[in-house]
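Colleague: fold the following, please.
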Amino acid sequence: MSNSNYFTIKSTIELSFKDSKICEISYNSFLPEFDKKKSRRSKISMEKKDNSLIFHIESSDITSFRASVNDIISFGKIVDNTINIVEKY
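Modeller: The predicted structure is shown next:
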């Protein structure tokens, strides 16, 4: 990653699921969007491990880091809301 700033920001976010089936469905749901989330200023990688999705973020500035974190949070909210709807019915 090209860096014109004096620093890079690196972080890991882990979403832990109750079971592997929900984790697998969530992983497969995010993959199509994940390919569209390319940026020169921020890089997100995702891995599935046990019952967790682990996101690694590396950003060249605070604004792009915040945008990457917001993308992951938005995805988590969608998964959470979907699970809540499915459990009601």
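Colleague: who's in contact with the worst-scoring helix or strand of the chain on mean pLDDT?
Modeller: Least confident helix or strand, the chain: helix 20-34 with a mean of 89, by mean pLDDT, DSSP states H and E. Helix 20-34 has contacts (Cβ atoms under 8 Å, 6 or more residues apart in numbering) with L15, F17, I44, M46, K48, D50, N51, S52, L53, F75, V79, I83. Just so you know, the C-beta spots here come from the backbone N, C-alpha and C atoms, and that holds for glycine as well.
Colleague: switch the cut-off to 10 Å
Modeller: By Cβ atoms under 10 Å, 6 or more residues apart in numbering, the residues outside helix 20-34 that reach it are 15-17, 37, 44-53, 55, 71-72, 74-76, 78-80, 82-83, 86.
Colleague: which among these count as buried?
Modeller: L15, F17, K37, I44, M46, L53, F55, D71, I72, F75, G76, V79 (16 or more other Cβ atoms under 10 Å).
Colleague: what angle do the host helix or strand of the fourth one and helix 20-34 make?
Modeller: Spelled out, it's I44. Assigned by DSSP states H and E, I44 falls within strand 42-49. Relative orientation of strand 42-49 and helix 20-34, computed by axes from the mean of the first three to the mean of the last three Cα atoms, to 10 degrees: 160 degrees.
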